[in-house]
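Student: Mind folding the following:
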Amino acid sequence: MTTVRFDLPEDGQHTSTTFVPQLPQWVLDRYGAKVLDPAEVTPPPGYDLPMPQPAIYRTGVLTLPLSMFSKGDLLGKVDALLGTSTIRQPDPEEKEGRLPDPVVPEGLGGLTDEQRGMVPVPVPLNVRGEQPGKVDAAAAVQAIRLAERRSERARARKEKEYFTEEEQQQTRLISLEYLFAGTDLQGVPTYSPHDIRDPNSGSAGLTYQLVPVVYHGPQPQRSQPKSGARRPVVAMIDSGVAPHKWFGLDKVGAMPQGGFLRDFPQSTQAIQAQQAHLGTYVPTEILTNGYIDGPMYCDDVTEQIGPGYGHGTAIAGILHQLAPDADVLVIRALQASNVATHADLVLALWLLVARVRAAQQPGGTMTDMVDIVTLSMGDYVADDKPAMLEEAIRALAGLGVLVVAAAGNDSTSRPFYPAALCDEIKYPSWTGPRVIGVGATNPNGSTAWFANGGRNATCQASGAFVVTTFPRIDGPLGPSRVTKTRQGVDLDTAPSSFAAVCGTSMAAPHIAGLIARKLWDNNSSYSLADIGVKATMDRIEQAVCAVKKDVHDEPDGL
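Tutor: Below is the predicted model:
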C-alpha cells in the first residue's frame, strides 16, 4: 500500500524558519563554497534592507542573466558596485581587465528573445586591482540590491537613478551561485540527517537509512500505444540512471531506443560547456556523462561511495513502477557529491522550455514534448526567492508543463526551493496546479520526521523505506557484526540492485508517477497527441483532479 495525502493540515512540529543548511566541508571545497552566515557579511554603507538568510553558495561566482552581456554599460555599472570584487577578467592589454564574454549554450533556439535573456551565465569574481583582498559574492549582491532600492526611491522623487527601470528588470535576476542538494535523507554513506526525534521516545536509535533488499516482484510491463498516439513524458533532472535490468541500460552502450528511458544530449553538452568554462577559474565538478549515474566513488582513494550515487536510479524505478507506460527523459545535473549548482539547474530548465516550445510550434516534433518535470533537489536561498529559478519554472508552467518538487528533508517550514514556488506561480487562465511541493509519509501514513512542511508541501506521498531500483554495489566496508558462519546486513553492499530508500526525493516521483499514469489512462478523453498549450494545461489539470479523487475515495491509500 502507498499513501498519498492532499489538503494538508497545518503542522506546527517543524523547526524554526531560520534553519541553517549544511553540507560536508569536502563538498563545499569542491565548489569553493561556504554556508552564508549573515553575521559575517559586512553590508555596504547605508544598507537598510533585510539581511540575507543562511544559504550555501559559491563565494567566487556571481550568476548573471544573459541579457546583461548585450549591454556593456550595464555590466560596467554592476561591476562598479562590487567593492573588493570585480567581474572583469585579467587582460594584459587593459589595466583594469576586460568585462567577461558569455558562454552561450546551444539548444536555446526555441526560446523567445525575452526568455533567452534570462538564461543564467555564471561569472567568476576576481580581486579588484592589485590590493590584497578577497572576493565574496554575498557582499556583491548586497551592494547591487542597495543600488536597486536607491534607484527606486530616486525614480519616485523624479531624480536621477543609478539603474533605470529597464535595467532593474535584468539586475533583479542577478543571483548567488547556490548549491542545490538531492533530497535524500540517507545514502551510503550520508550527510548527517537533521533528526528531531525525542531521544526519550524509545525510537532514537531507529534511523532512516538506505537498506539493500531482495525484490521478487515482476518488472512493470508497458502497453503498446495506439497508432498516432504518444506516451506521457516525465523529465527527471537528477543524477542519471545506473545500468539495471529493468531499464535495459548498458554502461558502455547508448541509451536503448524505444525503451522506458530517453536522454537529452543537448542539455548534457550545454551543462558540460558551462562547467568547463567556469572550471578554468574556480573549483568546479564537470559532468562525465549525461545519463549514467556515477561515478560510484566520490573519493577514489578511500573508496567512499558518493552520497548522490543511486539517487536518480531510485527515482526512475519509482516512476517505472507507478507509470510504466510513460517515458522518462533523463537529464543529469546532480554530481556524485549529490550537488547541482544553481546555474546548471536553471540552464537545464530553460533547455526544457526551448524543447517544449519548439514541439508546440507548427511543424514541431511530438516526440520532443514533456508533460511533467520531477525535481528531487533544492536549497534555501539568501533572498526572498530565487528569481532566475522562478522565471524558468514560470515559463514551463506557461506551456502547461507541471513541475513536481521534493519539499526537503530538514523538518523545517523555511521556504525550500523550488518546492516553495508552489505558492508563487499563478496563471489566471489556468486553474490547475503549476508546481506541486511534496512532503513524505512513513509506511503507516504518518508524516515522516524529516519531511519539510509549510509552504513547501501541498501534498505528501510515501517517502520512507520505499522499495525501488538501485545500482549494484559491492562496497568496501565490512558488515557490522560477523561470526564464523553468520554476519549482519552490510549496508554498503547491494548485490540485488534493489533497496529501500528514504527522503522526499522518493515522494516527489510518487506524485509525478501517479499523474503520468492518469495521463495515459485518460488518453482517450484528453488526447496526448494534442500538444497545444491549452490542451496540455487542461490535460494536466484533469489528471491531477483524478489523482485527488482516487485519494479521496480511498483514504487509506492508493
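Student: Secondary structure element holding residue 152?
Tutor: Secondary structure from DSSP states H and E places residue 152 in helix 137-156.
Student: And the contacts of whatever helix or strand comes next after that helix?
Tutor: On the C-terminal side of helix 137-156, the closest following helix or strand by DSSP H and E is helix 165-171. Contacts to helix 165-171, defined as CB atoms under 8 Å, 6 or more residues apart in numbering, come from residues 65, 67-68, 71, 74, 77-78, 117, 144, 147-148, 151-152, 155, 163. For every residue, glycine as well, the C-beta is placed using N, CA and C.
Student: Just the buried residues of those.
Tutor: Buried residues within the contacts of helix 165-171, counting neighbours by 16 or more other CB atoms under 10 Å: 65, 67, 68, 74, 77, 78, 117, 144, 147, 148, 151, 163.
Student: Let me know the closest of those residues to residue 339.
Tutor: residue 65 (22.7 Å; CB to CB).
Student: and residue 369, what does it touch?
Tutor: Residues in contact with residue 369 (CB under 8 Å, 6+ apart) are 230, 233, 356, 359, 360, 531.
Student: what's the distance between residue 40 and residue 59?
Tutor: 11 Å (CB to CB, to the nearest Å).
Student: Identify each buried residue in stretch 347-364, please.
Tutor: 347-360, 364.
Student: Next step: the residues you listed restricted to helices.
Tutor: Among these, DSSP state H puts 347-360 in helices.
Student: re earlier: how far out from the middle of the chain is the helix holding residue 152?
Tutor: Here the centre of helix 137-156 is set off from its chain's centre by 28 Å, with CA atoms, centre = their mean, to the nearest Å.
Student: Contacts for that helix, please.
Tutor: 36, 41-44, 46-49, 52, 57-62, 78, 81-85, 125, 160-165, 168, 171-172, 174-177, 382-383.
Student: Which one's more surrounded, residue 40 and residue 59?
Tutor: residue 59 (22 against 11; other CB atoms under 10 Å).
Student: does the residue nearest to residue 514 when sequence neighbours are not counted count as helix, strand or coil?
Tutor: Sequence neighbours aside, residue 547 is the residue nearest to residue 514 in space, at 4.9 Å (criterion: CB to CB, 6 or more residues apart in numbering). Assigned by DSSP: H, G, I helix; E, B strand; the rest coil, the conformation of residue 547 is helix.
Student: May I have the residues that are in contact with residue 547?
Tutor: So residue 547 contacts 4, 511, 514, 515, 518 (CB under 8 Å, 6+ apart).
Student: Let me see the ranges of the helices in the stretch 201-350 of the chain.
Tutor: 265-279, 311-322, 342-360 (DSSP state H, counting those that start in this stretch).
Student: helices and strands around the second one, which ones?
Tutor: It refers to helix 311-322. strand 233-238, strand 327-332, strand 466-469, strand 498-501, helix 504-521 (3 or more CB pairs under 8 Å, 6 or more residues apart in numbering; DSSP states H and E).
Student: go on, the longest one?
Tutor: Contact analysis of helix 342-360 by 3+ CB pairs under 8 Å, 6+ apart lists strand 120-124, strand 175-182, strand 233-238, helix 265-279, helix 387-398 as its packing neighbours.
Student: Which among those is found nearest to residue 551?
Tutor: strand 233-238 (19.6 Å).
Student: That closest one to helix 311-322, inter-axis angle?
Tutor: Interaxial angle, strand 233-238 versus helix 311-322 (axes from the mean of the first three to the mean of the last three CA atoms, to 10 degrees): 160 degrees.
Student: Distance check, the closest residue to residue 361 other than its chain neighbours against residue 370.
Tutor: Excluding the flanking residues, the one nearest residue 361 by CB to CB, 6+ apart is residue 110, at 7.6 Å. Per CB to CB, residue 110 is found 12 Å from residue 370.
Student: Can you work out which residues contact both of these two?
Tutor: Common neighbours of residue 110 and residue 370 (CB under 8 Å, 6+ apart) are 355, 356.
Student: Show me which of those two is the more surrounded one.
Tutor: residue 370 (25 against 21).
Student: where does that one fall, helix, sheet strand or coil?
Tutor: Assigned by three-state DSSP, the conformation of residue 370 is coil.
Student: can you pull the contacts of it?
Tutor: Contacts of residue 370 (CB under 8 Å, 6+ apart): 233, 234, 235, 329, 352, 355, 356, 401.
Student: My guess is residue 264 contacts residue 330. True?
Tutor: Yes. Between residue 264 and residue 330 there is a contact under CB atoms under 8 Å: 7.2 Å.
Student: Pull up the overlap in contacts between those two.
Tutor: Going by CB under 8 Å, 6+ apart, residues that sit against residue 264 and also against residue 330 are residue 290.
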